[in-house]
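> what follows is a predicted structure for the sequence shown.
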Amino acid sequence: MTDTSTLVAGNGTDPAIKDFSTGKKPKQFRIDDDVFTCAAAIPVGLVRKFIKLRATPVDGDDPGQVEDQLQKVMEILDDIMFEDSIKRFAERMDSKTEPIDMATLTGVMNWLMEEYGERPTVPSSSSSPPQEPTTPISMDGAPREESIPTPSISVAI
């Protein structure tokens, strides 16, 4: 056990104290005129949720699976977005005049995964070969004609 009476509270400049502070700033992204703000970093437990979400295949023909995945996405976003941002994001998910569509949602989730370190932006030489991206599925189950420039996560509904 460490004798804490000899430890000195440092200001980050004491070389005897290992400083793990990151100085990370909140992450922000824009959709049209709205700017959404997310936590600077996320706990490991939430990273596990990201990994599980990405690893869960979705049958676009099964509305129940699609709804379950959307619910999981919203739970993750609720955990990382600031309160005013998640409120506006959720409003836009149901908006007819300012909708967040599936391509945008997939792009946001891919970007957040990269930002939070769930997947590398540059593969290492020892990593397995890249997998083909999942074809995004429209809500009616038909493959989408448009392509999304970032690899689609399994959430591609």
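Received, thanks. Remember, it's a predicted structure, so these values are computed and weren't measured experimentally.
> what are the ranges of the helices in this protein?
Using DSSP state H, the helices of the chain run over residues 44-55, 63-80, 83-93, 102-115.
> in JSON lines: these, plus distance to residue 28, mean neighbour count and mean pLDDT.
(Glycine included, C-beta is placed from N, CA and C.) JSON lines is the format used below for the helices of the chain (distance: least, Cβ to Cβ, whole Å; neighbours: other Cβ atoms under 10 Å; pLDDT from 0 to 100):
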{"stretch": "helix 44-55", "distance to residue 28": "18", "mean neighbour count": "14", "mean pLDDT": "82"}
{"stretch": "helix 63-80", "distance to residue 28": "12", "mean neighbour count": "16", "mean pLDDT": "90"}
{"stretch": "helix 83-93", "distance to residue 28": "9", "mean neighbour count": "15", "mean pLDDT": "97"}
{"stretch": "helix 102-115", "distance to residue 28": "10", "mean neighbour count": "19", "mean pLDDT": "92"}
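> which of those sits closest to residue 22?
Nearest to residue 22 among these is helix 102-115; the distance by Cβ to Cβ comes to 13.2 Å.
> tell me the angle the closest one makes with helix 63-80.
50 degrees (axes from the mean of the first three to the mean of the last three Cα atoms, to 10 degrees).
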